[in-house]
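Asks: Turn this into a model:
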Amino acid sequence: MKTEPIHSTNCEKPGELGPAMKGADVLVSALEKEGVDVVFAYPGGASMELHQSLTKSEKIRTILPRQEQGGGFMAHGYARATGRAGVCMATSGPGATNLVTCIADAFMDSIPLVAITGQVYQQFIGKAAFQETDFFGMTLPIVKHSYLVLTAADLPQVVKDAFHLAESGRPGPVVIDIPKDVQQEIFEPFFPHEVSNLEGYKLESPKATDEELLEVLSLIGKAKKPVLYTGGGIISSEAHEELKEFADLTGLPVVHTLMGVGVFDPDHEQSLYWYGMHGTVAGNWAVCESDLLLCAGARFDDRITGKVEKYAPDAYVIHFDLDQSEHNKNVHAHFPIRSDIRYALKRMCELFKANKQEKPDLKAWMKILKEWKLKYPFKYNQGKHVTSQEAVQVLYEESNGDAIITTGVGQHQMWAAQYYRFKEPRTYISSLGLGTMGFGYPAAIGAKVARPDKEVIDIDGDGSFLMNVQELATAKIEKINAKCLLLNNQHLGMVVQWEDKFYESVRGHTILCDPENIGGPENLDAIYPDYIKMCEGFGVKARRVTKREELRDAMREMLDAEEPYLLEIIVPYTEHVMPMIPQGKSAKEMLID
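Replies: Prediction:
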C-alpha cells in the first residue's frame, strides 16, 4: 500500500482538486458530488475499505441488505421510482456474482443502475485468488459499460462518466470494479465537472427532423385505423405529458406495454390500456387490425408481438426509438426514426398546431374499439373463496389507486397490472424483460426509501416472495415501511397455468407445499411455509385472510400500519390469468376465457 500521495494528471479540465485521501474516500466523495443519497451495500473482504469510507459520509445513507441480490433490487426500486441511478455495492467473487441478475434485469428494462464492486489486489487478478472473478468480463454483455479501475487517479472521472452513461440516452447499468489496492492508494484527487469525450457515445440526444415529423403527421391524417403504441421509453424520457397532448391533438387510440403502464390514464376514452400476452383484448386486436402503427419508445418484445408474421400484418409501422439497434430487430419498420421521444412528441404537437392540422376522422374506428372494450373487459368469477384478482381490486379501492406497486414475477404480476388501474408513471415497478422472481419486496424497500411520501406495496406470490424473504429483516431494522400483499396459492401459479393449458395438468415440480397434502382455502392446516410465523421471527407484523368478509378490514389494517407489514391472502391455485395469447400464436388467436 502506498503511503505517499500521488497527484492526478487531469487538471487541464474544469474541476476541483481535493486533499490527499484514500481511493475509497475518493469514491465516496465522487458519489456525493453526483447527488447520491443512498447506497445499498453488502460488505466483504475486497470492499471493506469502501464501507469504512461510507461510515464517514454525512450525505449518503448506507442500507445493509441481507443478500447482495436484495440490495441490487432495492437499487432497482429506487431507480424505477425516481428515474435517477440506483447504487448498489458488493465485494468481489460471490458478492459480485450475486449482483449479476440485478444488472441483467436493469439491462433488459433500461434502468439506470451503478453497481460498484470490490476486487482483489491487482497483483492477484487472473491468478484464481480467493474470491476473485472476472466481473468486468462476465458483465460486458449486460451493461452499457464496465470499468475495471487500475489507476487510482482515474476514480473521479470514472464515477462522473458512469452516472452519465447510466442515466442518459437509453438508460442502463454500469459496473465499476475497484481492486483493493486502488481503494487503499493515497492521492490528491481531481474531481472533474464534465464527462469525458466518450468514444462511440454521443452526448447529444438525437432529434428527429421536421421533415420526418411532418411526414408522420401526414400519415396520421390519412390513416383509418391508426394506433399509438407506447412503452418504457416514454417514462425514462419523462415524456408522459407530451404524450397526453399528442394523443389529445390527434385523437389516436393509445395502447402501451407493461413497461409503459401509467403513461396514459386507463379511464381515458382513447385508452386501450396495456396489451401483450395477458393484456386487453381491445388493445391486442386494435394493433392487429391497425393500418398505421406508431411505436414510441418501445421495442416490439415477443410478449407483445406473439407470432411476428401475424403481428399487425396490414399496418404501416413507424418506429421512434433512441436506440437505432432496435429498428428492424424484431418487427420491420417501414419508417424508422431515431430520436429522443420527448422531443419528437413535443415537436409534433407544435407542428400540428402551427399547420392548423385537423384531427383525423376516426369515429368508425373508435366505435369498434369501444365495443371491444365493453365486450371484453378484464373479468373474473367471484366464487366461494377470495381470488387474487379480487384481492388486488380491493387493494386498489382501499388505497384510492394512489400507491406505488412493486411485484414479483408470475400470475400476481399480471393481475396487479390488470386490476390496479395505474394512472401515473413510475407507480408500477416490476421485472418485465428478464422476469426475475424475488424482485418484488426488495424493490418495494428501495422505492419506499426513494419515495417516503408514498404508500409502497409489493403484490407478490408465495414462490417469488420466498426467494428474497430475508429482506424483511432489512425493512425491520432500517425502519422502512414497505408492505407486502402476499397472494399464497402454494404453487408456481404461472407455470401451473401453462401445465393446465398445454401439458394436460401434469405437475412438473410446481407444487411448493406437500404434494400429498396441498394447503389452501380448503385445507388451512397444510399451508406451508407459515409466513405469519416467519414474519414473527423477523419482528414484522403480519395477518392471514381466508374469508371474504375479513378482506377489507385486513387491507385497511395493512395500509394504516406505520411499519413493515405482510398481509397474506390464501387463494386457490386453480385461477388462470386471462386473456392469454398462447406462445407462437397471434393476437387474433388469444384465449379469452
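
Asks: next SSE after the helix or strand bottoming out on mean pLDDT in the chain?
Replies: Scoring the helices and strands of the chain by mean pLDDT, DSSP states H and E places strand 6-7 at the bottom, with a mean of 42. Counting by DSSP states H and E, the element after strand 6-7 in chain order, helix or strand, is strand 15-17.

Asks: Check which residues of that next one are buried.
Replies: Neighbour-count burial for strand 15-17, counted by 16 or more other C-beta atoms under 10 Å, picks out Gly15. Just so you know, the C-beta spots here come from the backbone N, C-alpha and C atoms, and that holds for glycine as well.

Asks: List the neighbouring strands of that strand plus their orientation.
Replies: Sheet pairing here is set by DSSP bridges, and for strand 15-17 it gives strand 190-192 (antiparallel).

Asks: What mean pLDDT does the partner strand get?
Replies: Average pLDDT, strand 190-192: 97.

Asks: Other residues contacting that strand?
Replies: The list of residues contacting strand 190-192 from outside it, by C-beta atoms under 8 Å, 6 or more residues apart in numbering, reads 8, 10-11, 13-18, 29-30, 33, 153, 156-157, 160.

Asks: Equivalent analysis for stretch 174-181, please.
Replies: So stretch 174-181 is contacted by 1, 23, 27, 46, 49-50, 96, 103, 113-123, 125, 135-136, 139, 143-150, 155, 158-159, 162-163, 165-166 (C-beta under 8 Å, 6+ apart).

Asks: one more time with 6 Å
Replies: 46, 114-117, 119, 121-122, 135-136, 139, 143-149, 162, 165-166 (C-beta atoms under 6 Å, 6 or more residues apart in numbering).

Asks: Just the buried ones from these?
Replies: 46, 114-117, 119, 121, 135-136, 139, 143-149, 162, 165-166.

Asks: Low-confidence regions, the chain specifically.
Replies: Applying pLDDT under 70 to the chain flags the ranges 1-12.

Asks: change it to 80
Replies: The model of the chain has pLDDT under 80 over residues 1-13, 199-204.

Asks: correct me, but Arg338 touches Asp323?
Replies: No: if you go by C-beta atoms under 6 Å, Arg338 and Asp323 don't touch, sitting 8.1 Å apart.

Asks: where along the stretch 51-200 of the chain do the helices fall?
Replies: 68-82, 94-97, 100-109, 135-139, 155-167, 180-184 (DSSP state H, counting those that start in this stretch).

Asks: Apologies, that question was intended for the stretch 201-350 of the chain.
Replies: Using DSSP H, counting those that start in this stretch, helices in the stretch 201-350 of the chain cover 210-222, 232-236, 240-250, 281-289, 302-305, 341-354.

Asks: Which parts of the third one count as buried, going by neighbours?
Replies: Going back to what we said before, that points to helix 240-250. For helix 240-250, by 16+ other C-beta under 10 Å, it's His240, Glu242, Leu243, Lys244, Glu245, Phe246, Ala247, Leu249, Thr250.

Asks: quick one, what contacts the third one?
Replies: Applying C-beta under 6 Å, 6+ apart, we find Leu243 in contact with Ile234, Val263, Leu345.

Asks: who touches the first one in this structure?
Replies: The reference is to Ile234. So Ile234 contacts His240, Leu243, Gly260, Val263, Gly297 (C-beta under 6 Å, 6+ apart).

Asks: Quick one: these as JSON lines, columns for distance to Gly435 too.
Replies: Converted to JSON lines, these look like this (distance: C-beta to C-beta, whole Å):
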{"residue": "His240", "distance to Gly435": "25"}
{"residue": "Leu243", "distance to Gly435": "26"}
{"residue": "Gly260", "distance to Gly435": "17"}
{"residue": "Val263", "distance to Gly435": "21"}
{"residue": "Gly297", "distance to Gly435": "20"}
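
Asks: which one of those residues sits closest to Ala450?
Replies: Nearest to Ala450 among the contacts of Ile234 is His240, at 18.3 Å by C-beta to C-beta.

Asks: ok, now which ones touch the closest one?
Replies: Taking C-beta under 6 Å, 6+ apart as the criterion, His240 is in contact with Ile234, Val263, Pro425.

Asks: can you check Ala208 too?
Replies: Ile337, Ser339, Ala344.

Asks: Out of the residues you listed, flag the one nearest to Leu213.
Replies: Ala344 (6.5 Å).

Asks: Need the nearest residue in space to the closest one, chain neighbours excluded.
Replies: Ala208 (4.8 Å; C-beta to C-beta, 6 or more residues apart in numbering).

Asks: Tell me where the stretch 301-450 of the chain has strands.
Replies: Along the stretch 301-450 of the chain, counting by DSSP state E, counting those that start in this stretch, strands occupy 316-321, 335-338, 404-407, 428-429.

Asks: Direction included, what does the second one pair up with?
Replies: For strand 335-338, the paired strands and their directions (DSSP bridges) are strand 316-321 (parallel).

Asks: Can you tell me the number of residues neighbouring Thr91?
Replies: Other residues lying near Thr91 total 25 when counted by other C-beta atoms under 10 Å.

Asks: returning to what we had before: PyMOL command to pick out the buried ones of the contacts of strand 190-192?
Replies: With 16+ other C-beta under 10 Å as the criterion, this PyMOL line picks the buried residues out of the contacts of strand 190-192:
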select buried, resi 8+10+15+18+29+30+33+153+156+157+160
